[in-house]
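Colleague: Provided below are the primary sequence and the corresponding predicted coordinates.
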Amino acid sequence: MITRRFFLRAGTMALASFGLDPLFLDRAAYAFPGLRPAGKGKTLVCLFQRGAVDGLNMVVPHGEQAYYRDRPRIAVPRNRVVDLDGHFGLHPELDVLKPLWDNGSLAIVHAAGSPDDTRSHFDAQDYMETATPGVKSTRDGWLNRYCQHDQEHEATPFRAVAFGPQLPRILGGAAPSLAIGDLRTFGLQARRPESKDKLTRAFESLYQGSATGLLASTSEESFEAVQMLREVDPTQYRPADGVDYPRGQFGQSLMQIAQLIKAGMGLEVAFADIGGWDTHVNQGADEGQLANRLGQFGQGMAAFSADLGELMADVVVLTMSEFGRTVRENGNRGTDHGHATAMMVMGGSVRGGSVYGRWPGLDGSDLYQGRDLAVTTDFRDLFAEVLQGHLGATDLGPVFPGHPLDPSRFPGVMGR
Amino acid sequence: MTPRLILAATLAVPLCPGALTAQALASAHDSAVHVLNRLAYGPLPGQVDAVSREGVWHWVERQLDPESIDNGVLEVRESDFTLLAYSRDELSREFLALQRERRERQAMVAQGDTAEAIGRGMVSDRGRHMRRLAGQVGQLVVVRATVSNRQLHEVMVDFWTNHFNVYLAKGLDRVLLPGYIEETIRPNAMGNFGDLLLATARDPAMLFYLDNVQSVAPGSMPPELVRRLERMSRSGRRANGTSGARMDSLLRQVEARLPRGLNENYARELLELHTVGVDAGYTQQDVEDVARILTGWSLSRRDDRLRYHFNAWAHDAGEKWVMGERFPEGEGEQEGRRLLAMLARHPATMHHVSRKLCARFVSDQPSPGCVDAAVAAWRRSDGDIPTILRAMFRTPEFWAESNRGAKVKSPLEFTVSAVRVLGGSPDDSPGMARVVGQLGQPLYLQAAPTGYPETQEDWVNSGALLNRMNVAMSLAGNSLRGVTIDLTAVVPLAEDTDQLIDAVDDRLLGGRMSATTRAVLRRELESLPDVASRRALAVGLAIGGPEFQRQ
């Protein structure tokens, strides 16, 4: 596959040899709206629900008697569930996602999770981000390993971006990746725009002149990123008409991801997280604590999809959480740490409108260790399928070490 | 330069004959800059000259013997940190009391207590106090690194904290970590490796972080649980069948709380990270046997004190073999000590840890010469840390021109060296620790047991580099929260641009400013009207520029 960059480089050399201005072609290419500036033009957005979301109240198995029996005070009432297929339904606060299910761009994988039995948030998140369940010393995250091993996407400063103050485990590693708290404050800070430009220029020439090795190449990337953002001007961004992102960090992160995608910045993998799912006490049913959180989560995803519109054809959003929660409610109208949960996959290339994964059931003997929803889809099989099916990854062995890939285990969410 | 060179040579030779050609080639000034960059968190104002005058090797020898250095200045600063006034036991009591308080309040809300529900999210006095203490944990690192006279000790504390990483945000480690640093890492950082290893293995923070507290011999059960089960089964028989379902549910609850047999986490990291290293040729069976040896190394919670405790009931008494060494049955707690002593003296451990030390002090990619020198000193001294360090500092590699000013500073090193070189004074607010976190190294918050990496690839990325420039500018403008600097004491105001640039080069960059940097500074400074903003810009550009990122 010839990327636009490749074409440009080869073309520039040819034109330069004819004495033409190479910048002309660059400008021409940017001016052509159908062309994305780098790579395959596909983006994967991973959303981590930190704290272990209750998959059973997010995607409700309302066809199961056991669900209502074991959750007398926190089950979502049948008449409030947004039915999907007669057996599963969405929590009412996720009804904004129903149109996406109906148009076939939202799929659900239920009873997904880790083969490791840890019930520690810390360990389980670590395992999910490194994609090596049970192995703690893995240095890098699986999204970073994907970037290391997939060379087809040409490196742009915005290839891999995590929204938040620090780079999360999932993106840590040798491939360059950015942690951005807020696009609007990325770059050098100064009170007045002129001094900001002056400062940027000063540091840029310092590093151009005196930096060596990695400091030189990284600073070049940094200033390229600053320059790219300057042209996009994140402070002026307006989402598509009628699109309303939820307030707060999560909604803002999604909005800025959409903005990077629309601006054609070469964003291939993006990451954002949202906490507040550890509902041990007073979880609530169709209303309450979990409902509020799901409302924010669903509105964010729906706004993101609406904002991107047709561009969603090249975008997949994948949700994940370190584990699920106990089937039975506890003495505090909440749920404790469990095992499998539900994950959502949204986007143009998704075979939506179905719930994937073998459903293990909720009866006593079906439960994992007698208490939790059993895992029937290893999260790595879902992640691998998305990398392969959406980003066209070919070399998945090093991305999921110790887990030989077998497409017959893939849940089947990709490839519309 | 020539007189300095002769001075360096005369100083070097008597202390350390031979093998010092490379150091002899560096001037006393450059040698002082180098040791202050590597054995310390960079120079304080005037310190390069002071160390040159004292003699570089004399200064190094004093640093290798930290007790010999007066540290009154740090003791005064430490007295601001109430955290240090708490013993391990007091901290854990407070923490567990706070946890109970929270649970009770949650339960009251669950039971429909309206007043409690309205007051939700309100923090109790105890909660507020604990939060203040928590804020001191990271800042204390920055303050000590900045003001301590025992600089090499602080560098080694950072090294071992990282080598024996514990993640502050994992459950009880929130409260166990301060004790780990104060009682296990700091007293042993310049001691003997074997003692340090044993101390980490028995420290509640490590036992909890790598799950050894959960590791029990398969099928073993705490005696109090056995008694409870017996009671239950007796009362179950009396009730005769009617409570069968209830009995099931109770049994399930007990089962859910039962330890699940061996947990290999600590055993694996002990071999792979703390001692022999991943390539030492051990097998999965070795890992399992290490885990079996350490079954029972656990925590007691008696009276809310979280302390090391050996649970004899959980110990696997059978025979084990680790890397060809036999551990006969029935040795109990003692065999764990023997195992750790064996690992501490294992050649693979010496090599693995020496290589890491060389990567820290000499080069990201250390040469075999440096590692071999460290290993030889280790063997000779049976793991005496100052002896190993001294041997490393005497290798030609340590002084090689290509290694000087070559390593990229970690965020902690960058932040602290910037504050030190500007004569700054961090306060006891969490401000500076937050800066280190924003630059990519949140203190004690590396989740992976590997600790933070030593190589530049992991510190240099676009966002972090731009952030360093911003931190430099705020620092130069004295607008960084958590620290005060007095620029005038370091770089006096100067009308003449070249004079200003010379001062910046000499005081902040140890004379390493490149010609391009000089030209850029001159160009940028010219357009500014007043001397104060010229100085601030020059200082900010120097600290945020490429030369200062290296050590």
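Modeller: In hand now; what should we look at? Since the structure is predicted, the reported quantities are computational estimates derived from the model, not experimental observations.
Colleague: how near is residue B:518 to chain A?
Modeller: Relative to chain A, residue B:518 is positioned 9 Å away (Cβ to the nearest Cβ, to the nearest Å). Where you see a C-beta, it was placed from the backbone N, CA and C, and this is true even at glycine.
Colleague: which element, helix or strand, includes residue B:51?
Modeller: Using DSSP states H and E, residue B:51 maps to helix B:47-54.
Colleague: what are the buried residues along the following helix or strand past that helix?
Modeller: For helix B:47-54, the succeeding helix or strand toward the C-terminus, using DSSP H and E, is helix B:56-64. Residues of helix B:56-64 classed as buried by neighbour count (16 or more other Cβ atoms under 10 Å in any protein chain shown): B:56-57, B:59-60, B:63-64.
Colleague: now stretch B:531-550
Modeller: B:531, B:534-550.
Colleague: is chain A within reach of it?
Modeller: Yes: counting by Cβ under 8 Å from any Cβ of the partner chain, chain A is contacted by stretch B:531-550 at B:537, B:541, B:544-547, B:549-550.
Colleague: tabulate the CA atom coordinates of that stretch in PDB.
Modeller: What follows is stretch B:531-550, C-alpha atoms only, in PDB (Å, rounded to 0.1, in the frame of the first residue of the first chain):
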ATOM      1  CA  VAL B 531      17.500  43.700  31.800                       C
ATOM      2  CA  ALA B 532      15.200  41.700  34.000                       C
ATOM      3  CA  SER B 533      13.200  40.100  31.300                       C
ATOM      4  CA  ARG B 534      16.400  39.500  29.300                       C
ATOM      5  CA  ARG B 535      17.800  37.600  32.200                       C
ATOM      6  CA  ALA B 536      14.600  35.600  32.800                       C
ATOM      7  CA  LEU B 537      14.500  34.600  29.100                       C
ATOM      8  CA  ALA B 538      18.200  33.700  29.000                       C
ATOM      9  CA  VAL B 539      17.900  31.500  32.200                       C
ATOM     10  CA  GLY B 540      14.600  29.900  30.900                       C
ATOM     11  CA  LEU B 541      16.100  29.100  27.500                       C
ATOM     12  CA  ALA B 542      19.200  27.600  29.100                       C
ATOM     13  CA  ILE B 543      17.300  25.400  31.500                       C
ATOM     14  CA  GLY B 544      14.800  24.400  28.900                       C
ATOM     15  CA  GLY B 545      17.400  24.000  26.100                       C
ATOM     16  CA  PRO B 546      19.200  20.900  24.900                       C
ATOM     17  CA  GLU B 547      22.400  21.200  27.000                       C
ATOM     18  CA  PHE B 548      20.600  21.200  30.300                       C
ATOM     19  CA  GLN B 549      18.600  18.100  29.500                       C
ATOM     20  CA  ARG B 550      21.800  16.000  29.700                       C
END
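Colleague: let me know the average pLDDT across it.
Modeller: Per-residue pLDDT values over stretch B:531-550 give a mean of 96.
Colleague: distance from the chain centre to that stretch, please.
Modeller: Between the centre of stretch B:531-550 and the centre of its chain there are 29 Å (Cα atoms, centre = their mean, to the nearest Å).
Colleague: one more: stretch A:157-171?
Modeller: On Cα atoms, centre = their mean, the centre of stretch A:157-171 falls 11 Å from that of its chain.
Colleague: could you list everything the nearest residue to residue A:119 once chain neighbours are set aside pairs with in the sheet?
Modeller: Leaving aside its sequence neighbours, residue A:119 sits nearest to residue A:337 (Cβ to Cβ, 6 or more residues apart in numbering or on different chains; 4.0 Å). Residue A:337 has the following beta-bridge partners by DSSP bridges: residue A:325.
Colleague: pLDDT weak spots in chain B?
Modeller: B:1-25, B:117-121, B:236-260 (pLDDT under 70).
Colleague: center of it - which residue?
Modeller: Of all residues in chain B, the one closest to the mean position by Cα atoms, centre = their mean is residue B:161, 2.8 Å from it.
Colleague: residues touching that one, list them.
Modeller: Going by Cβ atoms under 8 Å, 6 or more residues apart in numbering or on different chains, residue B:161 touches B:181, B:185, B:444, B:451.
Colleague: just to revisit the earlier point, next, count neighbours for the residue nearest to residue A:119.
Modeller: Residue A:337 has 19 neighbouring residues, counting by other Cβ atoms under 10 Å in any protein chain shown.
Colleague: I'd say it and residue A:322 touch.
Modeller: No: the pair residue A:337 / residue A:322 is not scored as a contact, 9.1 Å apart, by Cβ atoms under 8 Å.
Colleague: overlap in contacts, the two.
Modeller: A:52, A:121.
Colleague: tell me which parts of the stretch 151-300 of chain A are close to chain B?
Modeller: By Cβ under 8 Å from any Cβ, the part of the stretch 151-300 of chain A that sits against chain B consists of A:157, A:165-167, A:169, A:174, A:176-180, A:186-190, A:198-199, A:202-203, A:205-207, A:209-216, A:218-219, A:221-222, A:225-226, A:280-282.
Colleague: drop anything exposed from these.
Modeller: A:157, A:166-167, A:169, A:176-180, A:186-189, A:198-199, A:202-203, A:205-207, A:209-211, A:214-216, A:218-219, A:221-222, A:225-226, A:280-282.
Colleague: now do stretch A:227-244: distance from first to last residue.
Modeller: 28 Å (Cα to Cα, to the nearest Å).
Colleague: what about that stretch, distance to the chain center?
Modeller: 20 Å.
Colleague: and that stretch, what's buried?
Modeller: Buried, per 16+ other Cβ under 10 Å, within stretch A:227-244: A:228-229, A:232, A:234, A:237, A:239, A:243.
Colleague: quick one, grab the pLDDT at the residue nearest to residue A:119.
Modeller: pLDDT at residue A:337 comes out at 88.
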